[in-house]
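Colleague: Build me a model:
(3 chains)
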Amino acid sequence: MSGSMEFLLWTKGPLFDIALAIFAIGLMARLVEIFMLGRAHNYAEPRAHEWPAGLRTMLTRTIADPGTFKRAPFNVVVGWIWHIGFLTALLFFVPHVELIRSVLGFAWPALPNPLVDFATAITILALIATLVHRLTHPVKRHISTVEDYLVWAVVFMVVLTGYLAYHRLVEPYPLALGMHILSAEILLVILPFTKLTHIFTAFIARWYNGAAFGRKGVQS
Amino acid sequence: MRKRSDKTLGESLRDHGLSRRGFLKLCAATASLMALPPSMAPAIAAALEQARRPSVIWLSFQECTGCTESLTRAHAPTLEDLIFDFISLDYHHTLQAASGEAAEEARLQAMEENKGRYLVIVDGSIPGPDANPGFSTVAGHSNYSILMETVEHAAAVIAVGTCAAFGGLPQARPNPTGAMSVMDLVRDKPVINVPGCPPIPMVITGVVAHYLVFGRLPELDGYGRPLAFYGQSIHDRCYRRPFYDKGLFAESFDDEGAKLGWCLYRLGCKGPTTYNACATMKWNDGASWPVEAGHPCLGCSEPKFWDAGGFYEPVSVPLTLGPGTLLGAGVVGAVAGGGLATLARKQRKEEAGTRQPVTVDELEQKL
Amino acid sequence: MSGLDPTIGHPSSGASCARSRHEHGHALPILHEIRHALERLLASGEETRIDLHSMPFGPGDLERLTAVLGSGEVQARVEALGPTLIQETAIPGVWLVDYRGLEDQRLSYQIEIAAIPEILRPRPEDLAESLGALEDRLSESGLDAAAPNASPPSS
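Modeller: Residues are numbered from 1 along each chain as shown, chains lettered A, B, ... in the order given. Now for the predicted structure:
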């Protein structure tokens, strides 16, 4: 006997445990490795403090400077849109908040479903736009690797299956929900081993940069 | 109870003094019962007029009689209507007058006289062929052997209740009796599942009525459930759905949201993953149903509902994972990362120690 | 809640607390369906029946719907397999038909959009037998003059 309910319970049960364990082990291994390797000791006398400069750069690198925006407005605008949409859906959809509460033991208030739904729809459109852009832009296409397409596909599947499940466009619903959970589990598993790690390392890297520059007394 | 005749249902009803208007009304009620549009009533009338009452053998195995309790509260048509006019209920432990040898004789006689035509209704799960048969016996015979013997010449089997349909409570972990569902055991006969704990009484009678009216089994979903009743989820037909869509949730059983009748998702409602007709057919003569009474749906008409997570945990919550797993995995990861970093440092030190400096002159010589 | 209200003697459930105050908005689509059915009735004479029993109504929705429909001049009762109560709404051509069982429990509750509800019309088979029925009763009564004081229903 195999059916959609068994599939859902499988993705919610053993598979979720495995995926989250791989995610936690992989991510912690990478982060601890990065922190422990650190940077070579700098014997020069610091010209300014590291921390303020590091924190400032975490912020300034997040917002694109006018030059970057002029050169690649599509990347900046569409990138921002889908990142915000994705995070809105990930962190503020009621079922996700309940999931986070059950895993972490605490959570935060959720947003109304129509808002999350809108954010998800926008994210899907923006993600499609990024793929089209990647395929049509000669330079981007040239520098794209298999990993880039893999990461895009996994992220897109997570958002798409979530949208399909919420609107109940796939019957039966346990199958739709199971597919969404399975996609999310694939995302969790590949996250520590692909460029998706930037979710956790981007701000660390920005701090390192800013701190290094700050120490030398230069702007970043 | 042992009334067996070759009359059609229409004839038999008129013998009972039912007028043609009364018959039309019965058909309107039957259409409503089968979740068919009222415009189907004339077609139902024509079919019921010609229908012959099937012999029904009801087998009760590892069950709590809740399903029979539910059926005896079916209000449209009443059980009396059903037993005496729609079907010929020839064997049912709890309801039949005969007992002992005579009761078992009634079953064997009905099977003999209606070979290939009778319906078998099962409630309760069955200890499988490999399990200890002593867990559940009737008249000294194991449930398994009675089921297989009775089903052999049946036209179809209707598994009533979640225990018969999916194993239900007896099959919940650790399944001490080796309980199996009817469809696990009966493979060569059509099996209709009417799950629920208990199923809505009208759904039980509706399935029988469908068999009578159309002379064949209703359209089934992937779990062998009639689509007319199990085609839509509780969530999709829930009157509280607009609150879900607006993001208005009861956060506890006693908060303002609960009093205002908001969505029960956060209190563990399994409505989104549960397929049943409670939201429309309701319970107790259509008086109310669990969600209307303020309690989340337990998902009782789904396979493994007893093992499918806490009744008060939202659908999105993983079944077994907790903060402990995450912390444990994190620690393992940290140790692994620390090990990798130490290895890398060590390697770098070794390389620094054995490095052979190259001078510019040496390089120029090589070029 | 109800305990604070001295006028309410019996305990009321949580659902009935909600019944009075909240609107679930499920009556409106049915009213639109009735509008379309009326348009079809006027245009082509096509009759429509809507089974209210199969609607996912919340507490108060049915009351809201029947309140909007109002009540008209005709009330009728059919005694066959228990009572059937027919109520004309304030909208001519829209009827509420309440099928009840022998123990007065509701079997089905329907809105019928028709000139006259189906169950009020004599069945064609009964109509075909009506002359014979009259003759029988006439001869039974012993009167030879036409004195139609007999009621139509069956033998």
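Colleague: rest of the way, CA atoms for contacts and neighbours
Modeller: OK.
Colleague: pLDDT score for B:Gly206?
Modeller: At B:Gly206, the model reports a pLDDT of 81.
Colleague: Distance of it relative to B:Gly168?
Modeller: Counting by C-alpha to C-alpha, to the nearest Å, the gap from B:Gly206 to B:Gly168 is 22 Å.
Colleague: again with A:Ala107
Modeller: Distance, A:Ala107 to B:Gly168, using C-alpha to C-alpha: 34 Å.
Colleague: try A:Asp117
Modeller: Separation of A:Asp117 from B:Gly168 (C-alpha to C-alpha): 36 Å.
Colleague: Which one's more surrounded, those two?
Modeller: Ranked by neighbour count (other C-alpha atoms under 10 Å in any protein chain shown), A:Asp117 and B:Gly168 place B:Gly168 first, with 30 against 20.
Colleague: Show the contacting residues for that one.
Modeller: With contact set as C-alpha atoms under 8 Å, 6 or more residues apart in numbering or on different chains, B:Gly168 has these partners: B:125, B:162, B:303-306.
Colleague: 7 Å - rerun?
Modeller: Counting by C-alpha atoms under 7 Å, 6 or more residues apart in numbering or on different chains, B:Gly168 touches B:162, B:304.
Colleague: Also C:Arg40?
Modeller: Applying C-alpha under 7 Å, 6+ apart, the residues contacting C:Arg40 are C:Glu46.
Colleague: What separation do you get for it and B:Pro38?
Modeller: Distance of C:Arg40 to B:Pro38, given as C-alpha to C-alpha: 17 Å.
Colleague: With A:Phe92 instead?
Modeller: Remark: distance between A:Phe92 and B:Pro38 (C-alpha to C-alpha) = 44 Å.
Colleague: my read is A:Asn42 is in a helix, agree?
Modeller: No: under DSSP: H, G, I helix; E, B strand; the rest coil, A:Asn42 falls outside any helix and is assigned coil.
Colleague: got the phi/psi numbers for it?
Modeller: Backbone geometry at A:Asn42, expressed as degrees, to the nearest 10, gives phi -100, psi 120.
Colleague: what about it, how many neighbours?
Modeller: 9.
Colleague: Kindly report the same for B:Leu298.
Modeller: For B:Leu298, using other C-alpha under 10 Å, the count is 22.
Colleague: thought it was touching B:Cys269?
Modeller: Yes: because the distance of 6.5 Å satisfies C-alpha atoms under 7 Å, B:Leu298 is recorded as touching B:Cys269.
Colleague: in chain C, which segments are predicted with low confidence?
Modeller: Low-confidence segments of chain C, defined by pLDDT under 70: C:1-23, C:144-155.
Colleague: what residue lies at the spatial centre of it?
Modeller: By C-alpha atoms, centre = their mean, chain C has its centre lying nearest to C:Val97, at 1.5 Å.
Colleague: So what sits opposite B:Thr137 in the bridge?
Modeller: On the basis of DSSP bridges, B:Thr137 is bridged to B:Ser142.
Colleague: And it, how close does it get to chain C?
Modeller: In this view, B:Thr137 and chain C are 38 Å apart by C-alpha to the nearest C-alpha, to the nearest Å.
Colleague: can you give me the helices in the chain?
Modeller: Let's take chain A. Taking DSSP state H as the test, the helices found in chain A are A:4-12, A:14-37, A:50-60, A:66-71, A:73-92, A:94-104, A:113-136, A:138-143, A:146-166, A:173-190, A:198-216.
Colleague: Chain C, not that one
Modeller: Under DSSP H, chain C gives helices at C:14-21, C:27-44, C:61-69, C:124-128, C:130-141.
Colleague: does any part of the fourth one sit near chain B?
Modeller: No: judged by C-alpha under 7 Å from any C-alpha of the partner chain, helix C:124-128 and chain B are separated, with a smallest distance of 7.6 Å.
Colleague: Pull out the buried residues from that helix.
Modeller: For helix C:124-128, burial by neighbour count (16 or more other C-alpha atoms under 10 Å in any protein chain shown) applies to C:Asp126.
Colleague: Can I get that helix in PDB, CA atoms only?
Modeller: Below are the C-alpha coordinates for helix C:124-128, written out as PDB (Å, rounded to 0.1, in the frame of the first residue of the first chain):
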ATOM      1  CA  PRO C 124     -48.100  11.700 -14.100                       C
ATOM      2  CA  GLU C 125     -48.800   8.000 -13.300                       C
ATOM      3  CA  ASP C 126     -51.100   9.100 -10.500                       C
ATOM      4  CA  LEU C 127     -52.700  11.700 -12.800                       C
ATOM      5  CA  ALA C 128     -53.400   8.900 -15.300                       C
END
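Colleague: How far off centre is that helix?
Modeller: Mean-position distance between helix C:124-128 and its chain equals 23 Å (C-alpha atoms, centre = their mean, to the nearest Å).
Colleague: can you tell me which residues contact residue 53?
Modeller: With no chain named, the answer covers chain A. By C-alpha under 7 Å, 6+ apart, A:Ala53 lies in contact with A:210-211, A:214.
Colleague: other chain: chain B
Modeller: B:9, B:86-88.
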